[in-house]
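> need coordinates for the following:
(one chain, ligands or ions: 1)
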Amino acid sequence: MVLVAGSANLDFVVRAPHLPAPGETVLGGDFQTFAGGKGANQAVACARAGGATTHMLLALGDDPYAAPIEASLRSAGVAMHIVRPSDAATGTAFICVADGGENAITVAPGANTCLSAADLPPLLGFSHLLMQLEIPLTAVMAYATAARAAGVRVVLNAAPACTLPPELLALVDLLVVNEGELHSLVGRAASVKECLERLPCPGAVVTLGARGCVARLGQDFFVQPGYPIDPVDSTGAGDTFCGTLVAALAQQMPLPKALRQASAAAALACTQMGAQSSIPSASAVADFLQHAPKAEGALSEAALRQYAGLT
Ligand code: RIB
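Okay, the predicted model is just below:
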């Protein structure tokens, strides 16, 4: 059983030919809304991956933006523990998606900032606690402390990037970051491998966009090349990776297989618009993996090993 503690946002999304540069105005298309927020996206991904009952601790405002988020979590099968502060709005995110699929996101966190140590539900029965950094760091720290004391494995997706206290990293069993987040935690070492070695956690995974991902477990390294797709919208792809990965680990799947599942789910998530709307079911991932072409050239395993400094 997995507990996700984190943010939930309503995403306001507009597509545009390119992301605006500072000071630039870009004319886009119609705006759409999607259920989002890194925490809620990861909870939906975990539940859709199957095999692990998923709960989520979240905070929502008492306003109309909360309903689509609750509906999305409910239809994915996530059991919700909702904190509803009377004086805060539901979190919102303002997202521009460029025609190449990349995005720029600004979050107004609203009620997400109201989660506190006292809100954590009892941890009995949970094997993993999955968190991100769109809720107060004090809450993340308190939940990680409680999880460690209860023997629950702590998985932290350190996104968005920020400086983390060493006391928090000491409580993390598995850290998941993208390349920028990795560098903001450990600086720019000579290689991805060396950056992963500098992290004090027993396990760490870095996602490298289309190239794939690299994981360190103790002294051992694992690589998973990315799956080639035509990207439509990359929003929530990293969250899909995290939620799918933790669902797999909660079923005691070996790490290499868990990375494969997570990478395939994340690739599929890039082929549809929106965050939670794009997260694939377990059967869609299984079907994709059966027919996925082998990565070649710049996206091959050899290229990934070389990029990461593993050869
Ligand atoms: O990771 C994608 C998410 O970041 C979006 O859904 C948005 O709400 C922000 O939290």
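> ok, the residue in the chain that the ligand sits nearest to - contacts?
When distances are taken as C-beta to the nearest ligand atom, the chain reaches nearest to the ligand at G36, 2.5 Å away. Just so you know, the C-beta spots here come from the backbone N, C-alpha and C atoms, and that holds for glycine as well. Neighbouring residues of G36 by C-beta atoms under 8 Å, 6 or more residues apart in numbering: A8, N9, L10, D11, A93, I95, T235, G236, G274, A275, Q276.
> contact residues of the stretch 151-300 of the chain facing the ligand?
T235, G236, G238, D239, A275 (C-beta under 6 Å from any ligand atom).
> give me the phi and psi for the second one.
Here is the backbone geometry of G236 (degrees, to the nearest 10): phi 90, psi 0.
> hmm, back to that, tabulate the residues of the stretch 151-300 of the chain next to the ligand (a markdown table), appending distance to A284, secondary structure and neighbour count.
Output for those, formatted as a markdown table (distance: C-beta to C-beta, whole Å; DSSP: H, G, I helix; E, B strand; the rest coil; neighbours: other C-beta atoms under 10 Å):
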| residue | distance to A284 | secondary structure | neighbour count |
| --- | --- | --- | --- |
| T235 | 18 | coil | 29 |
| G236 | 15 | coil | 32 |
| G238 | 18 | helix | 23 |
| D239 | 16 | helix | 30 |
| A275 | 16 | coil | 31 |
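> dump those to TSV, plus pLDDT.
Below are those laid out as TSV (pLDDT from 0 to 100):
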residue	pLDDT
T235	97
G236	97
G238	97
D239	98
A275	98
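> in TSV, list the residues you listed along with distance to A139.
Listed next are these as TSV, based on distance: C-beta to C-beta, whole Å:
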residue	distance to A139
T235	24
G236	22
G238	21
D239	19
A275	22
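> which of those lies closest to A47?
Using C-beta to C-beta, the shortest approach to A47 within these belongs to D239, at 12.5 Å.
> the closest residue to that closest one other than its chain neighbours: what secondary structure?
Using C-beta to C-beta, 6 or more residues apart in numbering and skipping residues adjacent in sequence, the residue nearest D239 is N41, 3.5 Å away. What DSSP: H, G, I helix; E, B strand; the rest coil gives for N41 is helix.
> verify the stated contact: N41 with T240.
Yes - under the criterion of C-beta atoms under 8 Å, N41 makes contact with T240 at 6.9 Å.
> which neighbours do these two have in common?
I279.
> tally of neighbours for E70?
18 (other C-beta atoms under 10 Å).
> checking it next. Helix, strand or coil?
Classified using three-state DSSP, E70 is helix.
> let me see the contact set for it.
When contacts are counted by C-beta under 8 Å, 6+ apart, E70 is found next to L60, M80, I82.
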